[in-house]
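**Q** the sequence and its predicted three-dimensional model are supplied below.
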Amino acid sequence: MKNIFIILIFVSTTHLFSQNVGINSTGAAPRNCAMLDILATDKGLLVPQVALTNVATYLPLTGTAVAGLLVYSTAAPTGGNGTGYYYWTGAVWANLIDNVAPGNPWYVGGNAGAAATTDYIGTSDNNNFRIKTNAISRAFYYNDGTYYHTSGSTTIDNATVVAPTNMSAGVGGAWIYNTAPAANGTGYGAPNANYGILAAMYGTRNYSSALLGQPGTGTRSAGVFGFDGSITNWGTLGYRTSGSTYFGAYFNAGSSTGTGFLTSNMRKGMGMGCYSDFVGAIVKADVIGQVNIGGLIASYNLGNEYTSGYKADIIDNGSKRTVVFSNTSSELKVYSDGTTQLKNGKVFISFDESFTNTIDKDKMPTITVSPMGECNGLYIMSIEKNGFWIKELNNGTSNANIAWIAIGKRVDQKNVDVPEQILEKTFDANLNKVVINENINSNTSGYMWWDGSKFVFDKPAPETKPLFEAKKPSVMLDEKR
């Protein structure tokens with residue numbers, strides 16, 4: 001027995017001092033590619049099992065700490081990912097594989113067989129989740145479900161977030177924040193503008209929107225909301241007011257309460273601005289097309305105005321409101337009237353300055369006079385630049401009261417050029433088709449555009465190429481992977 005024991009010791013020592021070592025039950029030589037070659041069909045390799053307490057602490061191991069040292073932790077160390085294999089990096093213990101779901105990590109090339117009901121990327125505790133590119137934080141998921149995305153090197157981590165004013169975790173579902181761009185934009189198109197969000201649609205499908213927003217049922221709520229830095233000037237799409245009235249679009253540019261009002265009653269907000277190379281706006285409704293309310297001016301039109309219908313004024317005398325209608329004419333005319341009294345059978349009536357400034361000086365105004373007392377009759381003795389003389393017939397010398405009316409052609413009447421198309425019987429019907437209730441599927445809107453000389457209603461306008469054309473995204477394969 002002693003001889004056998006000596007032989008085993010000798011053989012063992014020989015293996016230990018050889019260039020490589022083989023451990024097996026068949027006596028096979030170790031393969032020359034490995035320093036240690038373990039071969040078995042029904043056995044495994046059991047590395048040392050220790051109870052790590054903290055990934056930043058080398059204990060409970062002893063001896064010199066060497067990077068690459070491998071153990072199996074029977075405890076879940078602080079800062080680690082449960083029990084399992086850990087190796088010493090030279091500074092901390094790092095997980096060798098996914099210890100929560102061993103053998104099922106997430107790969108950069110994608111995973112197969114992931115179950116949407118159980119598998120996920122993220123944290124299993126109450127910590128936030130961060131995504132980086134080029135070692136710079138780009139996206140951040142808070143533990144309350146809020147999502148924050150930034151285009152630059154804004155500080156975002158578990159403790160600190162530099163975000164736009166009035167935005168905080170738990171208030172919004174997502175933040176998309178573009179830090180200060182490196183240069184000014186050169187236009188409004190997507191390739192030329194700086195933007196926080198770019199939404200684009202491709203294809204020819206109906207009922208398609210690049211960006212869709214829907215508010216809740218609360219008041220002062222909107223599907224889409226845009227504002228300036230002071231949140232004094234803002235505009236919305238799909239808005240429900242404080243009085244629960246719904247608006248397709250609602251704009252506000254008034255000062256807020258408190259210190260928001262400007263001194264000396266100064267105002268500078270503008271609720272809405274529209275510009276177009278054809279029609280600035282078309283407003284249509286089943287009851288009231290448009291309501292203008294202004295403390296100084298309710299409506300101001302810079303240009304010619306045409307109305308298909310009558311115009312009426314409502315006058316309030318303090319006890320009753322009465323409808324009155326404007327005088328109409330087939331020509332541009334100015335009207336003035338008044339009363340006066342003869343003095344020994346004659347009188348000179350001066351025109352108001354506003355009347356003389358607005359009538360055509362080359363056209364004599366039409367003047368009508370009516371006596372309001374007994375006299376021999378009246379006639380217009382002369383018309384001058386600034387007024388006219390009235391004289392009693394038969395050299396009468398009465399002092400009768402007189403009423404008069406003067407009508408002159410406007411100084412700009414020579415510039416009248418009525419577009420012939422607006423006189424066509426179909427013009428109003430064509431206009432009425434341009435804007436419809438798009439919620440009714442059976443409705444189809446009409447065409448309307450300007451070809452350079454006339455309105456076109458019977459065919460669509462030629463297509464123009466957009467500044468930015470949305471295209472279907474393509475998948476770029478990296479052959480090196």
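**A** Thanks, I have it.

**Q** ok, now how distant is residue 243 from residue 219?
**A** Going from residue 243 to residue 219 by Cβ to Cβ, to the nearest Å gives 8 Å. Glycine gets a C-beta too; all of them are placed from N, C-alpha and C.

**Q** domain map for the chain?
**A** With automatic domain parsing as the criterion, the domains of the chain are listed as 2-38, 333-415.

**Q** okay, residue 243 and residue 219: which has more neighbours?
**A** Between residue 243 and residue 219, counted using other Cβ atoms under 10 Å, residue 219 has the larger neighbour count: 13 against 7.

**Q** surely the more buried one forms part of a helix?
**A** No: the assignment for residue 219 (DSSP: H, G, I helix; E, B strand; the rest coil) gives coil, which keeps it out of a helix.

**Q** and the nearest residue to it once chain neighbours are set aside, how many residues sit next to it?
**A** Leaving out its chain neighbours, the residue that sits closest to residue 219 by Cβ to Cβ, 6 or more residues apart in numbering is residue 242, at 5.1 Å. Counted by other Cβ under 10 Å, the residues lying close to residue 242 total 7.

**Q** got any ranges where the stretch 201-350 of the chain has weak pLDDT?
**A** Low-confidence segments of the stretch 201-350 of the chain, defined by pLDDT under 70: 230, 255-264.

**Q** let's go with 50 and repeat that
**A** For the stretch 201-350 of the chain, the stretches with pLDDT under 50 are 258-262.

**Q** where do the strands sit along it?
**A** Using DSSP state E, counting those that start in this stretch, the strands of the stretch 201-350 of the chain run over residues 221-227, 234-240, 246-252, 312-316, 321-325, 333-341, 346-350.

**Q** most tightly surrounded among these?
**A** Highest mean neighbour count among the strands of the stretch 201-350 of the chain (mean count of other Cβ atoms under 10 Å): strand 234-240, with a mean of 19.

**Q** now it, how far from the chain's geometric center?
**A** Computed by Cα atoms, centre = their mean, to the nearest Å, the chain-centroid distance of strand 234-240 equals 10 Å.

**Q** what's the angle between it and strand 221-227?
**A** Angle between the axes of strand 234-240 and strand 221-227 is 180 degrees (criterion: axes from the mean of the first three to the mean of the last three Cα atoms, to 10 degrees).

**Q** neighbouring strands - and their directions - for strand 234-240?
**A** strand 221-227 (antiparallel), strand 246-252 (antiparallel) (DSSP bridges).

**Q** make CSV out of the ones you listed and add distance to residue 78.
**A** Listed next are the strands paired with strand 234-240 as CSV, based on distance: least, Cβ to Cβ, whole Å:
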stretch, distance to residue 78
strand 221-227, 44
strand 246-252, 53
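
**Q** of those, give the one that comes closest to residue 297.
**A** strand 246-252 (18.1 Å; Cβ to Cβ).

**Q** what's the closest one in contact with?
**A** Here strand 246-252 makes contact (Cβ atoms under 8 Å, 6 or more residues apart in numbering) with 222, 233-241, 269, 271-272.

**Q** ok, 7 Å please
**A** With contacts defined as Cβ atoms under 7 Å, 6 or more residues apart in numbering, strand 246-252 is touched by 234-241, 271-272.

**Q** ok, now stretch 279-287?
**A** Residues outside stretch 279-287 that contact it (Cβ under 7 Å, 6+ apart): 274, 289-290, 434-435.

**Q** among the residues you listed, which lie within helices?
**A** residue 434 (DSSP state H).

**Q** returning to that earlier point: least confident of the domains of the chain, on average?
**A** Note on these: lowest mean pLDDT is at domain 2-38, with a mean of 67.

**Q** got a markdown table for the domains of the chain, with distance to residue 326 too?
**A** A markdown table is the format used below for the domains of the chain (distance: least, Cβ to Cβ, whole Å):
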| stretch | distance to residue 326 |
| --- | --- |
| domain 2-38 | 104 |
| domain 333-415 | 10 |
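
**Q** returning to that earlier point: show me the one of the strands paired with strand 234-240 that comes nearest residue 320.
**A** Shortest distance between residue 320 and these, using Cβ to Cβ, is found for strand 246-252: 33.2 Å.

**Q** count of neighbours near residue 21?
**A** Neighbours around residue 21, by other Cβ under 10 Å: 14.

**Q** try the one 5 residues further on
**A** The number of residues packed near residue 26 is 8, by other Cβ under 10 Å.

**Q** one more: residue 330?
**A** 5.

**Q** part of a strand, is residue 431?
**A** No: when three-state DSSP is applied, residue 431 is found to be helix, with no strand at that position.

**Q** what's the nearest residue to it if we skip its chain neighbours?
**A** Nearest non-adjacent residue to residue 431 (Cβ to Cβ, 6+ apart): residue 448, at 7.3 Å.

**Q** picking that back up, any idea which of the contacts of strand 246-252 is closest to residue 118?
**A** residue 238 (37.1 Å).

**Q** might one say that that closest one is in contact with residue 225?
**A** No: using Cβ atoms under 7 Å, residue 238 is not in contact with residue 225, being 9.5 Å away.

**Q** now what about stretch 49-65, what contacts it?
**A** Here stretch 49-65 has contacts from 71-75, 77-80, 86, 88, 92-93, using Cβ under 7 Å, 6+ apart.

**Q** show residues contacting stretch 338-346.
**A** With Cβ under 7 Å, 6+ apart, stretch 338-346 has contacts from 347, 349, 375, 389-392, 395-404.

**Q** now stretch 402-418: how far from the chain's centre is it?
**A** With Cα atoms, centre = their mean, you get 49 Å for stretch 402-418.

**Q** what is the end-to-end distance of it?
**A** 38 Å (Cα to Cα, to the nearest Å).

**Q** same deal with stretch 432-452?
**A** 22 Å.

**Q** one more: stretch 417-425?
**A** End-to-end distance for stretch 417-425, by Cα to Cα: 19 Å.

**Q** do you have the helices of the chain handy? List them.
**A** 2-16, 353-358, 427-434.

**Q** could you list the buried residues of the last one?
**A** Using 16 or more other Cβ atoms under 10 Å as the burial criterion, the residues of helix 427-434 that qualify are 427, 430-431.

**Q** what is the burial count for residue 396?
**A** 17.

**Q** surely it meets residue 376?
**A** Yes: using Cβ under 7 Å, residue 396 is in contact with residue 376, at 3.8 Å.

**Q** bridged to the closest residue to residue 314 other than its chain neighbours, which residues?
**A** Once flanking residues are discounted, residue 314 sits nearest to residue 321: 5.4 Å by Cβ to Cβ, 6+ apart. Beta-bridge pairing for residue 321 (DSSP bridges): residue 316.

**Q** check residue 252 too.
**A** Beta-bridge partners, per DSSP bridges, of residue 252: residue 234.

**Q** can you give me the distance of it to residue 283?
**A** 19 Å.

**Q** what of residue 213?
**A** Distance from residue 213 to residue 283, by Cβ to Cβ: 23 Å.

**Q** which one's more surrounded, those two?
**A** residue 213 (12 against 9).

**Q** now that one, nearest residue through space, not along the chain?
**A** residue 223 (3.5 Å).

**Q** list the contacts of the one you found.
**A** Contacts of residue 223 (Cβ under 7 Å, 6+ apart): 213-215, 237-238.
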